[in-house]
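Visitor: Any chance you can model this:
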Amino acid sequence: MKITAALHGRTRMVTRCIRLRRECLGLLTILAAVFTIPLSVPVSSPANAQVKLNYNQLPPKPPKPAKVGKDGQMLVQATEMNYDYNNNRIAAVGSVQIYWNGSTLEADKVIYDQKTKRLHAEGNVRLTDSDGKITYANLLDLSDDYRDGFVDSLRLDTADSTRMAATRADRTNGDVTIFQNGVYTACAACKDNPRKPPLWQVKGARIIHNQTEKMLYFENASLEFFGQPIAYLPYFSTPDPTVKRKSGFLTPNSMSNTFTGFGVEVPYYFALAPDYDLTVTPRVTTRQGLLAQAEFRQRMINGSWEIRGYGINQADPGAFTGLPGNKTWRGGIDTKGQFALNDKWVWGWDGVAVSDIAFFRDYNLGPYRNALSSFLLVPDTGLSQLYLTGVGNRSYFDARVMHFLGYSGADIQSQIPEVHPVIDYSNIMNWNVFGGEVSYKGNFTSLSRGTADFDAINANASINGLCTATSADPMARMPANCLLRGAAGDYTRLSGEVQWRRSYTDPMGQIFTPFASLRADLISANIVAQPGVSNFIPTGTEQVARIMPTVGLEYRYPFINVQPWGSTTIEPIGQIIIRPNETSAGRLPNEDAQSLTFDDSNLFRVDKFAGWDRVEGGGRANVGVQATTQFDRGGFINVLFGQSYQLFGLNSYAVPDPTNTGIGSGLDTTRSDYVGRISYQPNSTFNFSTRVRLDESTLAVRRFEAEGKANFDRFSVSVLYGNYDAQPELGYLQRREGILGTASFKVAQNWVVSGGARYDIINDKINQYIIGAGYVDDCFILALNYITDYAYVTSTSLTPVTDHRVMLQIGLRTIGGTSFSQSAGTSQ
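Guide: Model prediction:
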């Protein structure tokens, strides 16, 4: 150990030595064994019996310091050093700082007793461990290796912002600390009033910290919020804040419903190894008995995977009479994993298997586990898939096989396709061809379905079963009554497309962009002749080769006007596309191109179909004008208005296919409907936009959307108004009109109130809303929400109802959290 004595003003050293020189040297050796003293520096001692030493008589080199602990010497800084020879004590007085093994001890006074080998510190004591933990105290007594001791009036701050305080703390065996009348919290102290109780804290008659086990044990504890006790805990334990993974019990959860009764589960977590763990969660329900649950997770160098299993021998299956859950044994498995092959390629899987489609919903498991997702993000189907994905600088690849499990009563499993597989690839070449950019993409899809999936688009078809009527019945002819969402049988398609594009700008500023593409499809369809299918597409086996060459030219001529307040650009846009008719239009299955919305976003797309199963054919011209004004002080306004024309050949959007894609879209006439948009953003606070589609002959509004957003420092709001024309060919028999609004307000630094509602103007009804309040800070999370939305409340519900639900989430940092979701009823 080494001591540096830094004295204010003149430094003097007086040592008491009334024995022989040999004994005096022995004492100095002892002193040097505790602190290495520079003998050229005076030392002060009690005023009586002062003598002067002849330093020349001492050995030329001081004795080697004895190491305290394992890692080296101790450095002590103080205003004054006192040595008591009679009692073998050394005292450091005034602004004492002791450094040893990465730890720092600071105090007004520190005394080292060589006989007992203990350090005694008093007055503004501050002990900083090598891991960043800070202990404050009025009095501290430790062994010289810091293993044992006690502390009075302790306050401890850790590196991860947790705090402890106690009237006294005793440390034994170097790893067990007992805090008497202890207080623990993960909340920071109030800056304005440090004595104010934190948001939450746990008080205990005794808090035992075992550093070897890395556990905190609380005895006779109480949980307090704002200094007021709200819960009493005779005993509980939790890993200390340094632990990221530790075996033990997790936060209990409770749930209840009519079918299972009230249930309580207490998870137990096994930290089996640094890279894998196991959680076992028995749930006891009052009506159905014990539900066993287990989850295994493993993280590897290049990824991770997990699997969960559930099972129950139901005590009262009759509670599910008439429902899929009316059976004794029920269970399920779900799993997922993802691994990186390198920095560009990943592969993985998702898997779901259940005894019946209602199991997860009835017991709030799997995809229904999380309180919020169980209500807002409930999947329509359970997805099992195996996939491989690669992303390059200018390329993308994705391949996957998929199986979908229907969860609702409206799902018929045999109507849901098996995908085996679907593969997508796209790439933009790094070099030019004839000065232009070349890209290519491809898709391979293979799927099968056991039963045809019909969709009755009016009540007459649904009641009279016209979807499966024979073609001799004129009422069965589509598109009047039914759609064929998917045909029974096998369907395989291989598609590829190569595109070329180059832009020229002439001296007048006109921009010419010629483009060309060649697409080819090989299709094999084996359609089962089930009732009604032949009304839509030919049944039997059919192989089709489809080629679509395309050439075209896009023209733009921007006019720019610069003013002191900003600039305006007016840009006429024209596009001419030449290609042959679509092969076998409307005669082939349509699996991936069933959605089509004609608006400003796809006015200048060469092919406006969303998927590969349909391809646009025939000559077409797309024309429009765009104007943009940029303001010097920020903000802009953008306007676009245009129309599309079928120039020659077959209009693909006017040909009915099994799903009526394109019919009533505004593109199914020679002159399309008009589409336009206006976007206005005056500054970073406000944003307004509108989109419209007008009938090409009457200018009647077919589709209109208006949206406004505002974001202030503590307040944000958005409102969306939509007005959509009836589309009886797709099953929308009447006009739809509604308003969707959301808002949030930061009430205080950590408090947020938010809400949202959807109002059906046609039916004069609010059919969805959410009201919530939340508190979030560095140590506590509280969220309370009341939500209504459409949901299938049981697995046999063929139509959704409005479900009302209350959700509560609470989280205490380092302690744990829980969530609760309870249905408040349903309505039509």
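
Visitor: Show me the shaky parts of the chain.
Guide: 1-73, 144-152, 154, 367-381, 459-466, 468-480, 790-801, 821, 823-828 (pLDDT under 70).

Visitor: hey, where'd the helices end up in it?
Guide: 21-34, 359-362, 373-376, 459-464 (DSSP state H).

Visitor: and the second one, what other elements does it pack with?
Guide: Read that as helix 359-362. Judged by 3 or more CB pairs under 8 Å, 6 or more residues apart in numbering; DSSP states H and E, helix 359-362 is in contact with strand 329-340. To be clear about C-beta, it is placed using only N, CA and C from the backbone, and glycine gets the same treatment.

Visitor: Just give me how far the strand it packs on sits from the chain centre.
Guide: 20 Å (CA atoms, centre = their mean, to the nearest Å).

Visitor: And stretch 415-424, by the same measure?
Guide: Distance, centroid of stretch 415-424 to centroid of chain: 28 Å (CA atoms, centre = their mean).

Visitor: Next: stretch 282-301.
Guide: Distance, centroid of stretch 282-301 to centroid of chain: 23 Å (CA atoms, centre = their mean).

Visitor: which parts of that stretch are buried?
Guide: Within stretch 282-301, the residues that count as buried by 16 or more other CB atoms under 10 Å are 283, 285, 287-289, 291, 293-298.

Visitor: export it as CSV, just CAs?
Guide: What follows is stretch 282-301, C-alpha atoms only, in CSV (Å, rounded to 0.1, in the frame of the first residue of the first chain):
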residue,chain,number,x,y,z
PRO,A,282,-48.7,-24.0,-15.2
ARG,A,283,-52.1,-22.3,-15.4
VAL,A,284,-54.8,-23.3,-13.0
THR,A,285,-58.4,-22.6,-14.1
THR,A,286,-61.5,-22.9,-12.0
ARG,A,287,-63.5,-24.6,-14.7
GLN,A,288,-61.1,-26.6,-16.9
GLY,A,289,-58.3,-27.6,-14.6
LEU,A,290,-54.5,-27.4,-15.3
LEU,A,291,-53.2,-26.0,-18.5
ALA,A,292,-49.5,-26.9,-19.0
GLN,A,293,-47.3,-24.5,-21.0
ALA,A,294,-43.6,-24.5,-21.8
GLU,A,295,-41.3,-22.3,-23.9
PHE,A,296,-37.7,-23.1,-25.0
ARG,A,297,-35.5,-20.4,-26.6
GLN,A,298,-32.0,-20.6,-27.9
ARG,A,299,-29.7,-17.9,-29.3
MET,A,300,-26.8,-18.9,-31.5
ILE,A,301,-24.0,-17.0,-33.2
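
Visitor: got the contact list for that stretch?
Guide: Residues outside stretch 282-301 that contact it (CB atoms under 8 Å, 6 or more residues apart in numbering) are 259-266, 275-281, 304-316, 319, 339, 363, 365.

Visitor: on that earlier part again, got TSV for the buried residues of stretch 282-301, with distance to residue 125 too?
Guide: Formatted as TSV, these follow (distance: CB to CB, whole Å):
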residue	distance to residue 125
283	49
285	54
287	59
288	58
289	57
291	53
293	49
294	49
295	46
296	47
297	44
298	46
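
Visitor: What about those residues, which are in strands?
Guide: 283, 285, 289, 291, 293-298 (DSSP state E).

Visitor: Give me the buried positions along stretch 190-199.
Guide: Those buried within stretch 190-199 under the rule 16+ other CB under 10 Å are 197-199.

Visitor: Ignore what I typed, I meant stretch 269-278.
Guide: 269-270, 276-277.

Visitor: Which two among these are spaced furthest apart?
Guide: 269 and 276 (12.1 Å; CB to CB).

Visitor: about what we covered before: among the buried residues of stretch 282-301, list the two that are farthest apart in space.
Guide: 287 and 298 (35.2 Å).

Visitor: For ChimeraX, write the selection for the buried entries among the contacts of stretch 282-301.
Guide: Buried members of the contacts of stretch 282-301, defined by 16+ other CB under 10 Å, are picked up in ChimeraX with:
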select :259,260,261,263,265,276,277,279,281,305,306,308,310,311,312,314,315,319,363,365
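
Visitor: Rebuild the ones in strands among the buried residues of stretch 282-301 as CSV, extending it with distance to residue 230.
Guide: Formatted as CSV, these follow (distance: CB to CB, whole Å):
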residue, distance to residue 230
283, 26
285, 27
289, 33
291, 30
293, 29
294, 33
295, 31
296, 36
297, 33
298, 39
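
Visitor: surely residue 411 meets residue 382?
Guide: No. Using CB atoms under 8 Å, residue 411 makes no contact with residue 382, being 10.2 Å away.

Visitor: Fine by me, we can end here.
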